[in-house]
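Q: here is a sequence with its predicted model. Questions after.
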Amino acid sequence: MVTPNTNPALIRHAVAAGMQVVAGFATASEAFAALDAGAQMLKLFPAATYGPGHVRALCAVLPPVPLFVVGGVTPLTLTEFLAAGSTGAGIGGELYRPGQPVERTRSNAREFRLVWPGHRP
């Protein structure tokens, strides 16, 4: 389950129901609160606002846990976020916008795929 925040009661309830929880957070305090409540993964939002330096600083103090970046991630910044310690990214508006031609979506997806580590053309 992906949450938009670090509501401890919600996280505990989801974990008790056997769900994997990816908790949305912005600060180190929120990340620690989500982990204390049982979240197994974290989702930094909005990543573009905080940047790769924030991810690097978080990874220096957080226990080893999958950390995903979401919100404003582009093909150019994806590699920076990954180098800073992010496990992966969620992409939305940078991939598809309502009414966008299929070819534009295909082109955007190709750009993301080309920068993903280990990609072979």
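A: Thanks, I have it.
Q: okay, now the unreliable bits of this structure?
A: Applying pLDDT under 70 to the chain picks out residues 119-121.
Q: helices of this structure, residue ranges please.
A: Ranges of helices in the chain, per DSSP state H, are 8-16, 28-37, 47-61, 75-84, 102-115.
Q: between the ones you listed, which gets nearest to residue 91?
A: Taking CB to CB, helix 102-115 is the member of the helices of the chain nearest to residue 91, at 6.3 Å. C-beta: built from backbone N, CA, C; applies to glycine.
Q: contacts for that closest one?
A: With contact meaning CB atoms under 8 Å, 6 or more residues apart in numbering, helix 102-115 is reached by 75, 76, 78, 79, 91, 94, 95, 96, 119, 121.
Q: of these, which pair is most distant in space?
A: Largest separation among these by CB to CB: 96 and 121, giving 22.4 Å.
Q: out of these two, which sits in the more crowded spot?
A: Taking other CB atoms under 10 Å, residue 96 and residue 121 do not tie; residue 96 has more neighbours (14 against 5).
Q: find the nearest non-adjacent residue to that one, please.
A: residue 105 (5.0 Å; CB to CB, 6 or more residues apart in numbering).
Q: and stretch 42-60, which residues are buried?
A: For stretch 42-60, burial by neighbour count (16 or more other CB atoms under 10 Å) applies to 42, 43, 44, 45, 47, 50, 51, 52, 54, 55, 58, 59.
Q: show me the beta-bridge partners of the third one.
A: Spelled out, that is residue 44. residue 25, residue 69 (DSSP bridges).
Q: for residue 19, see how far away it is.
A: 20 Å (CB to CB, to the nearest Å).
Q: please convert the helices of the chain to CSV, extending it with distance to residue 68.
A: CSV is the format used below for those (distance: least, CB to CB, whole Å):
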stretch, distance to residue 68
helix 8-16, 16
helix 28-37, 12
helix 47-61, 9
helix 75-84, 9
helix 102-115, 14
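Q: of the ones you listed, which is nearest residue 67?
A: Nearest of the helices of the chain (CB to CB): helix 47-61, 6.8 Å.
Q: C-alpha coordinates for that closest one, CSV please?
A: These are the backbone C-alpha positions of helix 47-61, laid out as CSV (Å, rounded to 0.1, in the frame of the first residue of the first chain):
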residue,chain,number,x,y,z
ALA,A,47,11.3,14.7,-4.8
ALA,A,48,12.0,17.6,-7.2
THR,A,49,11.5,20.1,-4.4
TYR,A,50,14.0,18.3,-2.1
GLY,A,51,16.6,17.1,-4.7
PRO,A,52,19.3,14.4,-4.7
GLY,A,53,21.2,16.1,-1.8
HIS,A,54,18.2,15.5,0.5
VAL,A,55,18.2,11.8,-0.5
ARG,A,56,21.9,11.5,0.2
ALA,A,57,21.5,13.1,3.6
LEU,A,58,18.5,10.9,4.5
CYS,A,59,20.4,7.8,3.4
ALA,A,60,23.2,8.7,5.8
VAL,A,61,20.9,8.6,8.8
